[in-house]
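*Asks:* Predicted model and sequence below, questions to follow.
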Amino acid sequence: MMKDVNIAGALADLYTLQERDQELDKIKEQQQQLPPELVEVREKWAELAARLGQLKERYLTLQREYKQNDLEIRDLTTKRKQAEDEQMQSSSVREQTQFENRIQQLSTRIDELTELTLPILEEMEQLAEQIQALETEMAAIKPELDALEEKNAERVARLEEEYQAKLSKREEMAASISANLLREYQAIRRARKGIGVALVYAKGSVYRCSACSVQLPTHVAQRVYQGQQVVRCPSCGRLLWKGPQED
Ligand SMILES: [Zn+2]
C-alpha cells in the first residue's frame, strides 16, 4: 500500500525533524542560561549602581538647598550693607534707631541661615566621600564584570553559530516533508510544549500516547498502526506515530 508507506514515512521524518527542533530549542535555552559568576557580579554591580544613584540624588538635593540659602544670605548681606550705609548718612536719631533695628533683624536672619547651612555642608561632605568610595569599589569590579560579559558574549556567539548550522540542516530536511503536515506539526508544537508528534507505546494490550500518557482507545491505536491516515491523540491533540518498529 503506497499510502501506508507515505504516511508512516512522513511521520518518521517528522519525528526526526522534531529531534532536531528540540536540539535547536536546547541551544536557545543554553544561550539564556547565564554563568553564575556573571549573574553574581551583575547583581553586585546593579546594587552598587543603585546606591550610587541614591547618594547622588541626595547630594543634588542638598546642593540645591545650599545654593538657595547662599543666595539668600548674599541678598540679606547686601541689604544689611545698604542699611549700614544709609544709617551712616542719616542724622535723625529716629531714623538711626529704625536702621539699627533693621540691621539687627537682617543679622539675625543671616545667622539663622548660616546655622542651617552648616549641617547641609557637613552632609554634602560625607556624601562626597561615600560617593567616591562607591565609585572606587565599582571601578575595582568593572574589569571582572567586563571580562565575564565578554566571555559570555563569546559563549552565546559560539552557540549561535552552532544553532545556525543546525537550523539550515533542519530547514533542508523540512523541505522534504509535506507542507500541510509540517504546518500542522508546527502549530501543535507551538501550543504543546515543543512536542508536535508523539510515539505510541504498547504495554500488553494497553496503548498510550507517550507525550500525555493517556490510554488510547483501541480503535485509535489501530488506526495509528495501520498508518493509512494522520491520527491525533484524542487527549492532547498531538500527531501519533507508531514508532520505528516493523510490524
Ligand atoms: Zn496525547
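*Replies:* Right, received. Where do you want to start?
*Asks:* can you confirm S176 is in a strand?
*Replies:* No: counting by DSSP: H, G, I helix; E, B strand; the rest coil, S176 falls outside a strand, being coil.
*Asks:* Just want the phi and psi numbers for it.
*Replies:* For S176, the backbone dihedrals are phi -90, psi 0 (criterion: degrees, to the nearest 10).
*Asks:* show me what contacts it?
*Replies:* Applying CB atoms under 8 Å, 6 or more residues apart in numbering, we find S176 in contact with D13. For every residue, glycine as well, the C-beta is placed using N, CA and C.
*Asks:* Does Q30 touch E162 like I think?
*Replies:* No: the pair Q30 / E162 is not scored as a contact, 9.3 Å apart, by CB atoms under 8 Å.
*Asks:* I'd guessed E149 sits against E37; true?
*Replies:* No: applying CB under 8 Å as the test, E149 and E37 come out as separate, 11.0 Å apart.
*Asks:* domain assignment for the chain?
*Replies:* 2-26+193-241, 34-174 (automatic domain parsing).
*Asks:* how far does the longest one stretch from start to finish?
*Replies:* Its first and final residues considered, domain 34-174 spans 31 Å by CA to CA, to the nearest Å.
*Asks:* Now it: average pLDDT?
*Replies:* Regarding domain 34-174, the rounded mean pLDDT is 97.
*Asks:* what's the spacing between it and its chain's center?
*Replies:* Put simply, domain 34-174 sits 27 Å off its chain's centre (CA atoms, centre = their mean, to the nearest Å).
*Asks:* Quick one: the strands in this protein, in order.
*Replies:* 197-203, 206-209, 239-241 (DSSP state E).
*Asks:* Just tell me which of the ones you listed ends up closest to the ion.
*Replies:* Closest approach to the ion among those is made by strand 206-209 (3.0 Å; CB to the ion).
*Asks:* so, in contact with the ion or not, that closest one?
*Replies:* Yes: judged by CB under 5 Å from the ion, strand 206-209 comes into contact with the ion at C209.
*Asks:* Going forward, count from 177.
*Replies:* With the count now opening at 177, the last piece we talked about shows up as strand 382-385.
*Asks:* roughly how far out does that strand sit from the chain middle?
*Replies:* Using CA atoms, centre = their mean, the offset of strand 382-385 from its chain centre is 42 Å.
*Asks:* List of residues touching it?
*Replies:* With CB under 8 Å, 6+ apart, strand 382-385 has contacts from 374, 376-378, 390-392, 394, 396-397, 400, 409, 411-412, 414, 416.
*Asks:* ok, now stretch 205-217?
*Replies:* Under CB under 8 Å, 6+ apart, the answer for stretch 205-217 is 218, 317, 320-321, 324-325, 327-328, 331-332, 335-336, 339.
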